[in-house]
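Student: build me a model from this:
(one chain, ligands or ions: 1)
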Amino acid sequence: MENNNDKYGQGAIDVLENLESVRLRPGMYIGNVTSTGLHHLVWEIVDNAIDEVLAGYGNNINVTLHKDGSVEVQDFGRGIPVGIHRKTGVPTVQTIFTVLHAGGKFGGDGSAYKVSGGLHGVGSTVTNALSKYLEVDINKNGKKYNIRFENGGSKITPLVERGETNETGTTVRFKPDPEIFETVEFDEAIILGRLKQTAYLNKGLIINFANLNNNNKVKFEFAGGIVDFVTEINSTKTKISEHVIYNEAYDEKSGVSIEVALQYTTSVNSNVMSYVNNIRTTEGGTHELGFFDAALRIFQKYANHSPKTRKIVTEKILREDVKEGATIVISIKHPNPLFEGQTKSKLGNSEVRKIVNETISNELEKFLFENPEEAMEIMQKMNVAAKSRLAAQKARESVRRKNNLESSTLPGKLADCSSKDPEVSELFIVEGDSAGGSAKMGRNRETQAILPLRGKVINSEKNRIEKILANNEITSIISAIGAGVGEAFNLEKLRYKKIIIMTDADVDGAHIRTLLLTFFYRYLPILIEEGNLYIAEPPLYKIHKGKEAYYAYNDIQKDEILEKYPGKNFIIQRYKGLGEMNYDQLWETTMDPEVRSLYRVDIDDVIMADNIITALMGEDTESRKKIIKENAKEVEILEG
Ligand code: 0RA
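Tutor: Numbering: from 1, shown residues only. Down below sits the predicted model:
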């Protein structure tokens, strides 16, 4: 293969401009340069491989974490084109990895549209620009090809042939650039969570994961796709009916394909997870609306269809009654999705509402008529939901008058910070009055606000919304945060970018923390997704000798300190509560941004989070015990 890299001409300058602009403003392309941004690089490459499978070429992909800190993604598709690209005069594969917006999906050389998530075709270039090295091996046309980029693509070892093969496919291996990222360490759990979710969303897709650092190997393959997904989410819940209702449809005219799976549980909460092109749409959108249009119409129709059902369903069923207790996964594939909303995670394409509504109604209706016993159980549950909704309506009205959650009055017990800039402002939600007092004295008044909790925090998993919003501790949290709750939530009104839960390091503290996390997970999940929610980590021990003092945040640290400074006359003080610390100790160990350690609450694995929260906070005491025993580590992570 001849080297067509126009080294000193216009082509080379354009390429460097492309790569350099990504390196100058990585945040514009991958959001940030923290661990989240780092993992974006992996999703970009994985998504391209998955697109090739979804286009019908190959059925498995391999993802490997190498010992040198690189990650490798292999597919068995057609292989990235290697011929000379008409516009750039260099091989298409080189164009794909060095030119932003190469046009079409891949420089007009292929017709496949991008189905899975990501940066609309610029992901390969972005990943290359932010990598120490990136290497591509292609099997195609009976030959093996290789091209290698170094230092953000600024050095190119041109495409060469490396012998013959009768296989086809692409392998991309890259190592992120430590000069760009705060951390270049891949997190196995984050990668596994994402791969698992992708495998659920694409039945038949096989993903093999291998981590050569710890020899962990995992294979994801879900023959049932989103039906298996719903089954796993509901595994710790009490099911109302045995079947997971499933529909799939394809709309020829628009090219939109739709899959829906749902199952009812006895929970008072609902769990609606919708996806467009494998990307989670947390803010919903037209696909969710279309689903609920259909579900509401069909359930109302079924409720009215016979004397028997009319006797059971005494109340008019509304949208929220259809939602209650349901676990619903809606996954659509759209050739031209429009994302809008506060976090760009809401589907905007208006035609989708009607398409989803019309294509899934028939199947849903068919299910109800073919499974009358299950249908009856579901209708009964919906009627109970409708009744409690009506009963709660009055209560809600009086609550609303008492606590106007959207009003600008701040709760009396809030010691607010003087800054009005959310970027620098922090809200500490503190358990107990004495700890609240120390926190108020120790804080930085400019940027740190303190909200002490006095009464009990209500369990958001077991109670309906009216009761939760009547709880004093909850209403003061919502008012202090300032962005409202539920449908009226407005991220732009958020008063603090960091909301920090600060509770004792004992069982009671863990309980309150879990209650707060459950509330945030159920009612303000955007704050978790946006990375605004944190858990403070107060020290467990103070070790002192004379004037010197060391703080240990866990037992390992305590032992390390004792080993490092051996000798007698050490006093080890175990903190039982935050209240035991002086205000200056609290500042020094837990609140001072220079030294403190904060745990950021993250819902990467929605399945795990939901299972654990249900098990910990829900009705089922058996699974609560089981989870605590088996999953001690995850519980610890969730609880900080
Ligand atoms: C455009 C056209 C063709 C294949 C691809 C792109 C392709 C891209 C990626 C990215 C990762 N793996 C991939 N596999 C294939 C087909 C061109 C042809 O048929 O020659």
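Student: every contact and neighbour count from this point should use C-alpha atoms.
Tutor: Noted.
Student: ok, residue 511 to the ligand distance?
Tutor: 47 Å (Cα to the nearest ligand atom, to the nearest Å).
Student: okay, now that residue: neighbour count?
Tutor: By other Cα atoms under 10 Å, 17 other residues sit near residue 511.
Student: likewise residue 87?
Tutor: If we define neighbours as other Cα under 10 Å, then residue 87 has 12 of them.
Student: pLDDT below threshold where in the chain?
Tutor: Along the chain, the model assigns pLDDT under 70 to residues 1-13, 101-121, 394-408, 604-613, 615-640.
Student: who are the packing partners of the top helix by length along it?
Tutor: In the chain, taking DSSP state H as the definition, the longest helix is helix 372-402. Using 3 or more Cα pairs under 8 Å, 6 or more residues apart in numbering; DSSP states H and E as the contact test, the elements touching helix 372-402 are helix 307-312, helix 319-323, helix 351-370, helix 465-468.
Student: those residues of the stretch 501-640 of the chain touching the ligand, which are they?
Tutor: On the criterion Cα under 6 Å from any ligand atom, the ligand has no neighbours in the stretch 501-640 of the chain.
Student: returning to what we had before: gap between the longest helix of the chain and the chain center?
Tutor: Chain-centre distance of helix 372-402: 30 Å, with Cα atoms, centre = their mean, to the nearest Å.
Student: any idea of the angle it forms with helix 351-370?
Tutor: Relative orientation of helix 372-402 and helix 351-370, computed by axes from the mean of the first three to the mean of the last three Cα atoms, to 10 degrees: 130 degrees.
Student: I'd like the next helix or strand past helix 372-402.
Tutor: Elements were assigned by DSSP states H and E; along the chain past helix 372-402, the next helix or strand is strand 426-431.
Student: who does that next one pair up with?
Tutor: strand 448-453 (parallel), strand 498-502 (parallel) (DSSP bridges).
Student: quick check: phi and psi at residue 302.
Tutor: phi -60, psi -40 (degrees, to the nearest 10).
Student: who does residue 533 bridge with?
Tutor: residue 499.
Student: quick check: it vs residue 428, distance?
Tutor: 10 Å (Cα to Cα, to the nearest Å).
Student: which neighbours do these two have in common?
Tutor: Common neighbours of residue 533 and residue 428, counting by Cα atoms under 8 Å, 6 or more residues apart in numbering, are 499, 500, 501.
Student: now do the contacts for the first one.
Tutor: Pointing back at residue 499 there. Per Cα under 8 Å, 6+ apart, neighbours of residue 499: 426, 427, 428, 429, 532, 533, 534.
Student: and the third one, what does it touch?
Tutor: Contact analysis of residue 428 by Cα under 8 Å, 6+ apart lists 448, 449, 450, 451, 499, 500, 501, 502.
Student: distance of it from residue 485?
Tutor: 19 Å.
Student: out of the contacts of residue 428, who's nearest the ligand?
Tutor: residue 499 (40.0 Å; Cα to the nearest ligand atom).
Student: between the helices and strands packed on helix 372-402, which gets nearest to residue 515?
Tutor: Evaluated over the helices and strands packed on helix 372-402, closeness to residue 515 peaks at helix 465-468, with 11.5 Å, by Cα to Cα.
Student: show the contacting residues for residue 364.
Tutor: Residue 364 neighbours (Cα under 8 Å, 6+ apart): 245, 247, 295, 298.
Student: state the distance from the residue lying closest to residue 71 once chain neighbours are set aside to the ligand.
Tutor: Closest residue in space to residue 71, ignoring its immediate chain neighbours: residue 65 at 4.6 Å, by Cα to Cα, 6 or more residues apart in numbering. Counting by Cα to the nearest ligand atom, the gap from residue 65 to the ligand is 18 Å.
Student: now swap in residue 437 and tell me
Tutor: Taking Cα to the nearest ligand atom, one finds residue 437 at 57 Å from the ligand.
Student: that residue is in what secondary structure piece?
Tutor: helix 433-442.
Student: now tell me what touches that helix from outside.
Tutor: Counting by Cα under 8 Å, 6+ apart, 415, 430, 449-454, 578-584, 586-587 sit against helix 433-442.
Student: can you rerun that using 6 Å?
Tutor: Applying Cα atoms under 6 Å, 6 or more residues apart in numbering, the contact partners of helix 433-442 are 430, 452, 578, 579, 583, 584, 587.
Student: pick out the most distant pair among the residues you listed.
Tutor: Largest pairwise distance in those, by Cα to Cα, is 17.6 Å, between 452 and 584.
Student: quick one, which of these two is more surrounded?
Tutor: Neighbour tally, residue 452 and residue 584, criterion other Cα under 10 Å: the higher count belongs to residue 452, 25 against 16.
Student: the more buried one and residue 427 touch, don't they?
Tutor: No. In terms of Cα atoms under 6 Å, residue 452 does not count as a neighbour of residue 427; the distance is 10.4 Å.
Student: ok, the closest residue in space to residue 369 that isn't next to it in sequence to residue 313 distance?
Tutor: Once flanking residues are discounted, residue 369 sits nearest to residue 375: 7.6 Å by Cα to Cα, 6+ apart. Separation of residue 375 from residue 313 (Cα to Cα) stands at 12 Å.
Student: repeat that for residue 464.
Tutor: 21 Å.
Student: before we move on, what about residue 73?
Tutor: For residue 73 relative to residue 313 (Cα to Cα), the value is 53 Å.
Student: quick one: the helices in the stretch 451-600 of the chain?
Tutor: Using DSSP state H, counting those that start in this stretch, the helices of the stretch 451-600 of the chain run over 465-468, 472-481, 507-523, 525-529, 555-564, 583-586.
Student: buried residues, the fifth one. List them.
Tutor: What it means is helix 555-564. For helix 555-564, burial by neighbour count (16 or more other Cα atoms under 10 Å) applies to 558, 562.
Student: now do the first one
Tutor: Applying a neighbour-count criterion of 16+ other Cα under 10 Å, one finds 465, 466, 468 buried in helix 465-468.
Student: same question, the third one
Tutor: Residues of helix 507-523 classed as buried by neighbour count (16+ other Cα under 10 Å): 509-523.
Student: if we can go back for a sec, any chance of the contacts of residue 428 in TSV, plus distance to residue 21?
Tutor: Supplementary listing: the contacts of residue 428 in TSV, determined by distance: Cα to Cα, whole Å:
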residue	distance to residue 21
448	36
449	39
450	41
451	43
499	33
500	35
501	38
502	41
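Student: ok, and the most crowded of those?
Tutor: residue 502 (29 neighbours).
Student: my guess is that one contacts residue 430. True?
Tutor: Yes. Look at residue 502 against residue 430 with Cα under 6 Å: they come within range, at 4.9 Å.
Student: related to what we said a few turns ago, what's the neighbour count on the residue nearest to residue 71?
Tutor: The burial count for residue 65: 24, using other Cα under 10 Å.
Student: hmm, back to that, show me how far the helix holding residue 437 is from its chain's centre.
Tutor: 33 Å.
Student: who's the closest spatial neighbour of residue 303, skipping the chain neighbours?
Tutor: Nearest non-adjacent residue to residue 303 (Cα to Cα, 6+ apart): residue 309, at 5.2 Å.
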